[in-house]
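Peer 1: My questions concern the predicted model and sequence given below.
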Amino acid sequence: MAALLEVENLRVDIPLGAGDLHAVRGISFQVDRGETLCIVGESGCGKSLTSLSLMDLLPPKARRSADRLAFDGIDLAKVAPSAMSDIRGNRMAMIFQEPMTSLNPAYTIGNQLEEALLRHRNVSGREARERAVHLLEKVGITGAASRLGQYPHQLSGGLRQRVMIAMALMCGPELILADEPTTALDVTIQAQILHLMIELQKEFGMGMILITHDLGIVARVADKVAVMYAGQIVESGTVNEVFENPMHPYTQGLLRCIPVPGKTRRGEPLGSIPGIVPSLIGEMKGCAFANRCPYTFEACLTTDVPLFETGSNPNAGRGYRCLLSEQQCIENAKEVA
Amino acid sequence: MLIYTLKRLVVALLVALTISLISFGLLYLSGDPATTIAGESANQAAIEAIREQYGFNRPLYEQYFAWVGRALQGDFGTSFYFKVPVTDLIFERLPVTLGLGLSAIAFAIVLSIPLGVLAARYPNSIVDRLALTISVMGQAMPSFWFALLLIMVFSFMYPLLPSSGSETWVHFIMPTVVLGYYATPAIMRLTRTGMLEVLGADYIRTARAKGLRPRVVLFKHALRNAIIPVVSLSAVQLGFMLGGSIVVETIFALHGTGYLAWESIRRYDLPTVQAILLVFSLIYIVLTFLADLLNAWLDPRIRVG
C-alpha cells in the first residue's frame, strides 16, 4: 500500500531580481499513518517552506514543483485550489511556530475552533461546540467550556499553542504538520506540549511531520529523520540509524553540538560547525556543504552529489548525500562519538 | 466594557466642558459685545442699555453659568441679525447638513472600503491601479472645481440633476458625491494599508490552513482587524464634513448650517456662531464616542482587559 504522504523531488523556488532563490532543491520523503518524520536543519535550510508547500500555503511569490506530491493517492500538485482547501484543515492540518500571533485577536477561542469543523463537516453549532470542549480537555486545558468565550490575548503562550493543537485536531486529520511547535515556548512548557503531541498522534494514529532544529526533540519523538541542509535532504533514515551511525559530515557536526550529560566535561567547548550556509540564489555546483566540511576534497566542489541509498531495509529510506565512501563515513562517525 | 464606556464618557464630558468655555469666550473675542450689537453709530446710553439687557455687566463666571444653563435647556439666545431664537435657526437648517454629511460619509465608505480591500487583496492589479487613480484624483481635485464640473455635465450638458436647492433627495445627489469623494482617498488608503498588513499576519495563514474559503478569510478574519483605524478616521471625517461643508453648501445653494455659520461670521452674529460651534462640537464628541464604542466591539483587546 502506498504511504499516506509521498513526496518526490519537491522544489520551491522564489523568483528574485538577481535570479531564482532555490529554497527547496528536490527533496523526497514518505510519511505513513502513525509515523513521525522529523525534518531537522538550521534556520533558512527550507524546512518551513517544505511544510508550507505541502499545505499549499506558500507566500504568493514562491513557486512549487514536484515529480510526485501525493496525499492518500490524491495528486496535490494537480488538485484545484478549492479541492485543496477541502483537504486543508480537514485531512491535513498544521500547527505553527508562533502561538502568540497565530490566533485571530478579534474572535473567541470557541469561534476559531468551531469554524474549522463547521467548514468541513455538516454539523450543528452545538456539536461543533461539544467537539471543541472535548478537544480542549484532550489538550489539557482546564475549564474548557468557559475558555471558549475567551479571547487569545487572555491566554498564555503555552495555552495558545494547546488551542492551536486542538484546532488542528478538530476534523480528525490523518496528517499533522508541526512547524517548530515548541520553539516560541518556555523550556518547561516545551516538554509538556511535545508529550501531548506524541500522545495524541499515537492515540489517533496520525502521520506527523515535525519540523525542528532541536536534535533533543528528534531523539525523543521521531520514527524517521530527514536532515536538511541548504534546501536538500543530506541524510535520512530511522532515528536510531541516524543518531547511532551518522553518515554525513553535517549530521555528524550537528550531533557534536549537543552536550551529553556525563560525557561532555564541564568547561569543555561545545562543538560548532564553522562557516555559514551558502547562498541559495542561482544554481549551485558541487556539494552544498563543501565550504564547511572538514573532509572536502576536489570532487566535492565540482560534482553534484546524489543521495546514496544504504541500509539493510530499502523501505526505511536510509540515505546520505556525500561523496566519501561508506567505510570512510563510518570511520568519521566513530571520531565523533 | 462598562468601565471602558464610563472612561470614554468622562473624557467626552471633559472635552465638552472645554468646548463650552471656548464657545463662551467667542463672545468677547471681538472686544465689547455690547458695542458690537449696538452698532457703530450708537451712543453711550444705548450701549449701556444693551449691556444691562444682555447682562454683560455681570461677572464673567455668572454669565458663563447662566449661558450654559440656558444652552442645556436648548436656549442659545437670540440672533443679533435675524432677531429670532438661535435654536430655531439651527434646527431649521440642521437636517440639510446632517442629511448631506451622513449620505456623503455613506457614499465614501461604500466606495472606498470594498475598493481598498480589493486593492490590498490584489496588489498592483488593475483594481489596485484604479483605486490609486480614484484616490489621487480625490486628493488633487478641489471640491469646488469638482462640484462645478458635475453641475456643468449633469445640469447643463445633460440636464438630469438639479444644480441648486434642497427640496428633494435628488437635490442631494451631486453634493453627496462631491463631499463624499473628498473623504474617499483617506479612507480607501487606510483600508488598503491596514488590509495589506493584516493579510500578512500569522492568523490569516492559520485561517487559510483551516481550509476556510477565501471570502471568509478576507472578510471575517482580515477586514475586522484592518477596519479598526478606519472607524476612527470615518468618525473624524464625518465630523469634518458636517462642519466643513460650507463650500459645497454654497455652490449647490443648500441652506444648511455650514452656510449659516459662514454668513453669521460675516455678520458678527455671535450667538449664532457660538451655538453652531457648540452644537457641532457636541455632535463631533458624540461621533468620536460612538467610534470608540464600535472599536471596542470590533477589538476585544480594548473591551476585555
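Peer 2: Structure's in. What do you need?
Peer 1: My reading is that residue A:301 lies in a strand. Confirm?
Peer 2: No: if the criterion is DSSP: H, G, I helix; E, B strand; the rest coil, then residue A:301 is helix and not within a strand.
Peer 1: Go ahead and confirm it touches residue A:290.
Peer 2: Yes: at 5.5 Å, residue A:301 counts as touching residue A:290 under the criterion of C-beta atoms under 8 Å. For glycine as for every other residue, the C-beta is placed from the backbone atoms N, C-alpha and C.
Peer 1: Which neighbouring elements make contact with the host helix or strand of residue B:295?
Peer 2: Assigned by DSSP states H and E, residue B:295 belongs to helix B:270-298. Judged by 3 or more C-beta pairs under 8 Å, 6 or more residues apart in numbering or on different chains; DSSP states H and E, helix B:270-298 is in contact with helix B:2-26, helix B:86-121, helix B:228-243, helix B:257-266, helix B:300-303.
Peer 1: Now tabulate these in a markdown table and tack on distance to residue B:294 and mean pLDDT.
Peer 2: As requested, the helices and strands packed on helix B:270-298 are exported to a markdown table (distance: least, C-beta to C-beta, whole Å; pLDDT from 0 to 100):
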| stretch | distance to residue B:294 | mean pLDDT |
| --- | --- | --- |
| helix B:2-26 | 11 | 89 |
| helix B:86-121 | 13 | 92 |
| helix B:228-243 | 5 | 88 |
| helix B:257-266 | 25 | 87 |
| helix B:300-303 | 10 | 86 |
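Peer 1: could you dump the lowest-mean-pLDDT helix or strand in chain B to CSV, C-alpha only?
Peer 2: The weakest-scoring helix or strand in chain B, judged by mean pLDDT, DSSP states H and E, is helix B:33-38 (a mean of 75). Backbone C-alpha positions of helix B:33-38 (Å, rounded to 0.1, in the frame of the first residue of the first chain) are rendered in CSV as follows:
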residue,chain,number,x,y,z
PRO,B,33,-20.1,92.6,22.7
ALA,B,34,-22.5,95.5,23.7
THR,B,35,-20.7,97.8,21.3
THR,B,36,-21.0,95.2,18.5
ILE,B,37,-24.7,94.7,19.0
ALA,B,38,-25.5,98.4,19.3
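Peer 1: show me the contacts for residue 118.
Peer 2: No chain specified, so I'll use chain A. A:125, A:128 (C-beta atoms under 8 Å, 6 or more residues apart in numbering or on different chains).
Peer 1: Can you look at chain B instead?
Peer 2: Applying C-beta under 8 Å, 6+ apart, one finds that residue B:118 lies in contact with B:127-128, B:131.
Peer 1: What of residue A:82?
Peer 2: By C-beta under 8 Å, 6+ apart, the contact set of residue A:82 is empty.
Peer 1: and the gap between residue A:43 and residue A:24?
Peer 2: According to C-beta to C-beta, to the nearest Å, residue A:43 stands 14 Å off from residue A:24.
Peer 1: Over to residue A:264?
Peer 2: Taken as C-beta to C-beta, the span from residue A:264 to residue A:24 is 34 Å.
Peer 1: Please identify which of the two sits among more neighbours.
Peer 2: Ranked by neighbour count (other C-beta atoms under 10 Å in any protein chain shown), residue A:264 and residue A:24 place residue A:24 first, with 29 against 13.
Peer 1: Is it possible to get the helices and strands packed on helix B:270-298 out as JSON lines so that each row also shows distance to residue B:170?
Peer 2: Output for the helices and strands packed on helix B:270-298, formatted as JSON lines (distance: least, C-beta to C-beta, whole Å):
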{"stretch": "helix B:2-26", "distance to residue B:170": "36"}
{"stretch": "helix B:86-121", "distance to residue B:170": "12"}
{"stretch": "helix B:228-243", "distance to residue B:170": "20"}
{"stretch": "helix B:257-266", "distance to residue B:170": "20"}
{"stretch": "helix B:300-303", "distance to residue B:170": "41"}
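Peer 1: Residues in a beta bridge with the residue nearest the centre of chain A, which ones?
Peer 2: Nearest to the mean C-alpha position of chain A, by C-alpha atoms, centre = their mean, lies residue A:211 at 2.3 Å. Applying DSSP bridges to residue A:211 gives these bridge partners: residue A:39, residue A:179.
Peer 1: And it, how close does it get to residue A:272?
Peer 2: From residue A:211 to residue A:272 the distance is 22 Å (C-beta to C-beta).
Peer 1: Ok, residue A:82 next?
Peer 2: 48 Å.
Peer 1: what do you get for residue A:230?
Peer 2: Residue A:230 is 18 Å from residue A:272, by C-beta to C-beta.
Peer 1: For those two, indicate the residue with more neighbours.
Peer 2: residue A:230 (23 against 9).
Peer 1: residues in contact with that one?
Peer 2: With contact set as C-beta under 8 Å, 6+ apart, residue A:230 has these partners: A:25, A:45-46, A:277-278, A:280, A:284, A:288-289.
Peer 1: Out of these, list just those in strands.
Peer 2: Within those, residues falling in strands by DSSP state E are residue A:25.
Peer 1: buried set for stretch B:159-169?
Peer 2: Residues B:161-163, B:166 are the ones in stretch B:159-169 that count as buried (16 or more other C-beta atoms under 10 Å in any protein chain shown).
Peer 1: Next, format these as a markdown table and append pLDDT, distance to residue B:100 and secondary structure.
Peer 2: Output for those, formatted as a markdown table (pLDDT from 0 to 100; distance: C-beta to C-beta, whole Å; DSSP: H, G, I helix; E, B strand; the rest coil):
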| residue | pLDDT | distance to residue B:100 | secondary structure |
| --- | --- | --- | --- |
| B:161 | 89 | 15 | coil |
| B:162 | 89 | 14 | coil |
| B:163 | 86 | 15 | coil |
| B:166 | 81 | 8 | coil |
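Peer 1: Report the mean confidence score over the helix or strand hosting residue A:220.
Peer 2: Taking DSSP H and E as the definition, one finds residue A:220 inside helix A:215-221. The average pLDDT for helix A:215-221 rounds to 87.
Peer 1: Output the contacting helices and strands for the very next helix or strand once past it.
Peer 2: As assigned by DSSP H and E, the chain's next helix or strand after helix A:215-221 is strand A:224-229. In terms of contacts (3+ C-beta pairs under 8 Å, 6+ apart), strand A:224-229 is packed against strand A:19-31, strand A:36-40, strand A:232-238, helix A:239-244, helix A:249-256.
Peer 1: now strand A:224-229 against strand A:36-40, angle please.
Peer 2: If you take axes from the mean of the first three to the mean of the last three C-alpha atoms, to 10 degrees, strand A:224-229 sits at 20 degrees to strand A:36-40.
Peer 1: Let's see strand A:224-229 as PDB, backbone CA atoms only.
Peer 2: Provided in PDB are the C-alpha atoms of strand A:224-229 (Å, rounded to 0.1, in the frame of the first residue of the first chain):
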ATOM      1  CA  LYS A 224      12.300   8.700  10.900                       C
ATOM      2  CA  VAL A 225      14.600  11.700  10.500                       C
ATOM      3  CA  ALA A 226      15.500  13.800   7.400                       C
ATOM      4  CA  VAL A 227      18.400  16.200   7.900                       C
ATOM      5  CA  MET A 228      18.100  19.200   5.700                       C
ATOM      6  CA  TYR A 229      20.900  21.400   4.600                       C
END
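Peer 1: Can you tell me the strand partners of that strand and which way each runs?
Peer 2: According to DSSP bridges, strand A:224-229 forms sheet pairs with strand A:36-40 (parallel), strand A:232-238 (antiparallel).
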